[in-house]
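Undergrad: take a look and give me a structure for this.
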Amino acid sequence: MLTDVFFTANPPPPPPADLWAPRTCCCARATLKNTAHIYAVAIYTGMETKMALNYQTKTQKRSAVEKSMNAYLVVYLCILIGKALVNTVLKYVWQADPNRDEPWYNDRTAAERDRHIVIRALTDFLAYMVLFNYIIPVSMYVTVEMQKFLGSYFIMWDDDMLDKELDERAIVNTSDLNEELGQVEYVFTDKTGTLTENNMEFIECCVDGHVYVPQAICNGQVMPGSDSMDMIDSSPGPQARESEELFFRALCLCHTVQVKEEETVDGIKHGLHPGKATSFYISSSPDEVALVEGMKRLGFTYLRLKDSHMEILNREDEVERFELLEVLTFDSVRRRMSVIVRASTGEVYLFCKGADSSIFPRVVAGKVEEVRGRVERNAVEGLRTLCVAYRPLSSEQYAEACHLLGAARLALQERERRLAEAYDQIETQLVLLGATAVEDRLQEEAADTVESLHQAGMKVWVLTGDKMETAAATCYASKLFRRGTRVLELTTKRTEEQSLHDALFDLSRTVLRPRAAAGARDPVSSPPGDCGDFGLIIDGATLSAVLQPGQDDSASGSYTEVFLEICRNCSAVLCCRMAPLQKAQIVKLIKASKEHPITLAIGDGANDVSMILEAHVGIGIMGKEGRQAARNSDYAIPKFKHLKKMLLVHGHYYYIRISELVQYFFYKNVCFIFPQFLYQFFCGFSQQPLYDTAYLTLYNISFTSLPILLYSLMEQHINADILKKDPTLYRDISKNCLLRWPIFTYWTVLGVYDALVMFFGAYFLFDNTTFTSNGQIMTSNTQMMFGNWTFGTLVFTVLVFTVTFKLVLDTHYWTWINHFVIWGSLVFFVVFSLLWGGIIWPFLNYQRMYYVFMQMLSSGPAWLSIILLITAGLLPDVVKKVVCRALWPTTTERIQNADKLYRGQLSEFSPLASLRGGQRDPPPPPPANPRRSDPPARLPPSFAAKKKHMFTRWRPKPAYSSFPPLLRFAGGGANGGRGGAYGSAGPETTV
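TA: As a prediction, this is how the structure comes out:
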């Protein structure tokens, strides 16, 4: 949509017939130059734009933890109703005896006693619901929301996720999905701008078989160390030199690049010489900028477009002027563009550049085979290739071309089709000049991040609109496809040779046969090597055919399930030539599969918004294609490499913390209310509360809320460096394993056990009561004043200390804040009880708790009883932890033990191969086909001798040693002599 459009006061004369041609339309956010007034109209706005047509509506996202919480809440609601129902029935069974009636202290009137039994039963049932309603952890939802909101700041404050170049930090747009970061099973990522930098770099050009390699130039910035120009063939023959200069002129003329004179734009410095006020190039296509800059390094500089004349500076520092006659614009169908220019000598040329598939069929001369071989080699290496051709036009041919273009532009109907036909007739009988290669480099540590995601058990899919060869090379460079991966193709080319039905079932047999031989395994929980055998490449057209609801062959049914079965058994999938809505369809397809996996989508552009909104977790990258993805995502990060820490560290911590919070809340509420339920059996089912009103109110608000909230914010059961270095630890929390029903049942049974210990321990303590001379009741075995509020206070005291010490046992990361909150909450309970029972409060109409707490603490046996009951309540959990750690330790527990042994310095060692009971796979061998950004040592001698290069690599991290024999747990001794089970990912663009 155009904005800030100015209209002239006096309307101009009627517009020409070609006013609405594509060349007269400006895209959104376009910069218009060299004009004083603009007469324009906004077209293709609102819901008619491509962005709106590809937009995916927002859906409510709920995490797996939240779903588990709601399921557990339903169970506890049923328990609440069951308790109320049992007590209601037993009350009337109790009162069926004529000698038993409603207790006097309930103050029932005669009218209430004479009501119908159904009304009385319903009233009693509701009274029991109110009495036992504390078993429903309402405060848990408040605490969870606080934990999510406050915990999200740890992502935004993380200095490791700060990009100093952009001065951007990670952004949390929604905190409801923090724990979902620890449950991701599928990662869907864009390629351009996400895995790659979206920063085009001119690599080489091939002219008649001669290859020219300038130093690295990137968006107007000369890479460090680029002091001179290097070429393979420095002294070609006269004919080759003529073709070379014609090729360079073609690239300097066949483009839509504009020259900007200012040094800075939006505060960013540009130009080929940083620090100097010089011109630089801007264009809607970064490829064109890279090509023009590459030509400047090779001696031909595009200067400007002035008065319909294009000026270039040749090697002899002479300015050449070419009159721009026609521009045959680029479109995605033709996949090429052309210009018609007239040289100062009067000769007319048609220069054309485009994809190899659109240029080679139109070529009638030139060294086609040499150029084709170079193009194929560059495509395999992941470079973006373009072919360049030309055609000299005679006066008659130029006149005919003008006639064709004029007739097409003046057509009132089917103008686009007639223009395409005219372009097709003009762009024929071309002479091939050569080809170019431009590289979109991988982002820093992109390969290491992808490899870590694989090791963590995640399936990584790349969804891109690029051609298959370029996307596949990027997948190899980013280690999405490993050297041992057998890549399967399901593309249009294959479906032309055989039917889609046969192709699908051939792939299915290929993938499933070795799985059946090896035995059924869970591809997510199995080691990475078990899933690293197959990779799949599919294009958008074939995907559309697969996802069609009906097929011609009714016996075949839907192919969706077959396709999903193939994908489930592939370690990585590449989807190329994808439309934005197709990306969302892929994510939705995986979400709806029978396993219902947790999905994550990450991208940087507006075309990625649909899949970001569709996935369970959407992450946007603050890239060079605007902020649409970042604004529509749940989380935004500066670079792709930050995804590693966000998932492996923050996601891991968030899930551990909130799962403990949820289970702990249900546990402590069971401990709190179950003694109240048991007490009804000893008070004639009279709805008499066991605890004082203040204790009922403050239990979840003050006495037990802060310790678990702080735990859910601060707990680090494993050092963050260890989580980053050993991604396989992520598997230990997958599939929502800490909130499964067996673990939930264990926490509930533990709560019931602690409640039984508290209640009956105190009950037997107060056994054998006698009356004193002043009418009070005293226990004969402890000589302590006894009453129902003393009994309830004793049970409540044991309760508060037991549930707090249970959290102490589960805490692994201690800070002064933990100590202050945990011990401070216990001190607060004691102080509050002393004040609540030590002062006659004038605003209360009862003083039933007066001196109760002090009198209880004045008894030595009461102190002993509190200590014994707390110990008895915690003993089973302690025994269970000790036995399980000694006999069946998990990987996490082994690492915790080792970290304690090394006093917190375990993160300085290797990623713990010796603690896992299995040996790591050896690092892959060096790649056979090096990229141009690899270090010189990795190049074959024969190749390195032919030409010089500008290399870019990221320094690998130092290798880490394995553990000494002292730490050989559970068969870890096999790795005792190994050093560096994991090395760094190495150069990021290696193929």
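Undergrad: outside of stretch 325-345, which residues touch it?
TA: Stretch 325-345 has contacts (Cβ atoms under 8 Å, 6 or more residues apart in numbering) with 22-23, 253-254, 256, 310, 320-324, 348-355, 357-359, 393, 398, 401-402, 405, 420, 423-424, 426-427. Backbone N, C-alpha and C define where each C-beta goes, glycine included.
Undergrad: of the residues you listed, which belong to strands?
TA: Counting by DSSP state E, the part of the contacts of stretch 325-345 found in strands is 310, 320-324, 348-354, 393.
Undergrad: show me which of those residues are buried.
TA: Using 16 or more other Cβ atoms under 10 Å as the burial test, the ones in strands among the contacts of stretch 325-345 include 310, 320, 322, 348-354, 393 as buried.
Undergrad: now render the residues you listed as a markdown table, adding distance to Val130 and pLDDT.
TA: Formatted as a markdown table, these follow (distance: Cβ to Cβ, whole Å; pLDDT from 0 to 100):
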| residue | distance to Val130 | pLDDT |
| --- | --- | --- |
| Met310 | 86 | 91 |
| Glu320 | 93 | 89 |
| Phe322 | 90 | 92 |
| Val348 | 94 | 91 |
| Tyr349 | 91 | 92 |
| Leu350 | 88 | 92 |
| Phe351 | 86 | 93 |
| Cys352 | 83 | 93 |
| Lys353 | 80 | 92 |
| Gly354 | 77 | 89 |
| Leu393 | 93 | 91 |
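Undergrad: now, among those residues, which is nearest to Leu799?
TA: Gly354 (77.3 Å; Cβ to Cβ).
Undergrad: contacting residues for Ser358?
TA: 334-336.
Undergrad: please apply the same query to Tyr654.
TA: By Cβ under 8 Å, 6+ apart, the neighbours of Tyr654 are 151, 178-179, 181-182.
Undergrad: list the ones among those residues that fall in helices.
TA: The helices, defined by DSSP state H, take in Gly151 from these.
Undergrad: wait, Glu168 touches Leu162, no?
TA: Yes. When contacts are counted by Cβ atoms under 8 Å, Glu168 is listed as touching Leu162 (7.5 Å).
Undergrad: which neighbours do the two have in common?
TA: Contacts common to Glu168 and Leu162, judged by Cβ under 8 Å, 6+ apart, are Pro638.
Undergrad: who wins on neighbours among the contacts of Ser358?
TA: Ranked by neighbour count (other Cβ atoms under 10 Å), the contacts of Ser358 have Arg336 at the top, with 23 neighbours.
Undergrad: and the helices in the stretch 701-850 of the chain, which stretches?
TA: With DSSP state H, counting those that start in this stretch as the criterion, the stretch 701-850 of the chain has helices at 705-714, 720-725, 741-765, 788-810, 816-838.
Undergrad: report the angle between the first one and helix 816-838.
TA: The one in question is helix 705-714. For helix 705-714 against helix 816-838, the angle between stretch directions is 170 degrees (axes from the mean of the first three to the mean of the last three Cα atoms, to 10 degrees).
Undergrad: likewise the longest one?
TA: For helix 741-765 against helix 816-838, the angle by the same axes, to 10 degrees is 40 degrees.
Undergrad: i'd like the first residue to be 58 from this point on
TA: All set: I'll call the first residue 58, so the last point we hit is now helix 798-822.
Undergrad: name the helices or strands packed onto helix 798-822?
TA: helix 709-736, helix 845-867, helix 917-944 (3 or more Cβ pairs under 8 Å, 6 or more residues apart in numbering; DSSP states H and E).
Undergrad: please enumerate the strands of the stretch 108-257 of the chain.
TA: 228-229, 243-246, 253-264 (DSSP state E, counting those that start in this stretch).
Undergrad: can you give the distance of stretch 728-736 from its chain's centre?
TA: Distance of stretch 728-736 from the chain centroid (Cα atoms, centre = their mean, to the nearest Å) equals 44 Å.
Undergrad: go ahead and name everything in contact with it.
TA: By Cβ under 8 Å, 6+ apart, stretch 728-736 touches 140, 144, 188-189, 191-192, 745-748, 756, 808-809, 811-813, 815-817, 849, 852, 856, 859-860.
Undergrad: just the buried residues out of the residues you listed, in ChimeraX syntax.
TA: Applying 16+ other Cβ under 10 Å to the contacts of stretch 728-736, the buried members can be selected in ChimeraX as follows:
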select :140,144,188,189,191,192,745,746,747,748,756,808,811,812,813,815,816,849,852,856,859,860
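Undergrad: quick one: stretch 406-417 to chain centroid distance?
TA: Relative to its chain's centre, stretch 406-417 lies at 40 Å (Cα atoms, centre = their mean).
Undergrad: give me the phi and psi for His267.
TA: phi -90, psi 130 (degrees, to the nearest 10).
Undergrad: what is the burial count for it?
TA: His267, neighbours per other Cβ under 10 Å, totals 22.
Undergrad: that one reaches Ala297, doesn't it?
TA: Yes. Between His267 and Ala297 there is a contact at 6.2 Å, judged by Cβ under 8 Å.
Undergrad: output stretch 627-644 as CSV, nothing but the C-alphas.
TA: Output in CSV follows, covering the C-alpha atoms of stretch 627-644 (Å, rounded to 0.1, in the frame of the first residue of the first chain):
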residue,chain,number,x,y,z
CYS,A,627,13.3,-39.2,8.3
SER,A,628,15.7,-37.3,10.5
ALA,A,629,15.3,-34.1,8.4
VAL,A,630,12.9,-32.9,5.6
LEU,A,631,13.5,-30.1,3.1
CYS,A,632,10.4,-28.6,1.4
CYS,A,633,11.4,-26.3,-1.4
ARG,A,634,9.4,-24.0,-3.7
MET,A,635,6.9,-23.5,-0.9
ALA,A,636,4.2,-20.8,-0.8
PRO,A,637,3.5,-19.2,2.5
LEU,A,638,0.2,-20.9,3.1
GLN,A,639,1.8,-24.3,2.2
LYS,A,640,4.3,-23.7,5.1
ALA,A,641,1.3,-23.3,7.4
GLN,A,642,-0.3,-26.4,6.0
ILE,A,643,2.8,-28.5,6.7
VAL,A,644,2.9,-27.3,10.3
